[in-house]
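S.K.: okay, sequence plus prediction incoming.
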Amino acid sequence: MGQVIELAKFRSVKKRSYLKKYESHIHKFVNHFIHRNIRCSFESISQHYIATKQAEQATAWDYYDLRDSLKDAIHEVFGDQIWLECNQFYWFDSRYISKEDLVESCISQMILGADVSVQKR
């Protein structure tokens, strides 16, 4: 009694615990989602992006612009779908993972490939 709990610290600890337990499930789900729904490789996307920027004679663009454009596109086209599909699994908990987290994981796996190890958060 009389002990003060920092809510942000408590949530951070709970999220880390959740991710430690279920991150491999999330990784597998996202990998499967990519293979079922996204039919082009990152290489072809990046080549198209570079060709478009060159045709537009853009003054400046880089990897971060490409990543942001890809993230916006994935979020717009697949954001709701990945969120709804993920909600069907027993391990899903919206307190610890958001739609943005799923989209970010999708982008990372598209860029780095499916064989990339699950990153620690």
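M.R.: Happy to help now that I have it.
S.K.: which residues in this structure form helices?
M.R.: Using DSSP state H, the helices of the chain run over 7-37, 42-55, 63-86, 99-112.
S.K.: possible to save the ones you listed as TSV with mean pLDDT, distance to Asp93 and mean neighbour count?
M.R.: Placement of C-beta: from N, CA and C, glycine included. Listed next are these as TSV, based on pLDDT from 0 to 100; distance: least, CB to CB, whole Å; neighbours: other CB atoms under 10 Å:
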stretch	mean pLDDT	distance to Asp93	mean neighbour count
helix 7-37	91	6	14
helix 42-55	90	29	12
helix 63-86	93	10	15
helix 99-112	93	11	18
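S.K.: okay if I get those helices as a markdown table plus distance to Phe92?
M.R.: Conversion of these to a markdown table gives the following (distance: least, CB to CB, whole Å):
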| stretch | distance to Phe92 |
| --- | --- |
| helix 7-37 | 8 |
| helix 42-55 | 26 |
| helix 63-86 | 5 |
| helix 99-112 | 10 |
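S.K.: per-residue confidence for Val4?
M.R.: Val4 carries a pLDDT score of 65 in this model.
S.K.: swap that for Gln119, sorry
M.R.: So Gln119 comes in at 48 (pLDDT).
S.K.: before we move on, what about Gln88?
M.R.: 95.
S.K.: likewise for the one 5 residues further on?
M.R.: At Asp93, the predicted lDDT confidence score is 93.
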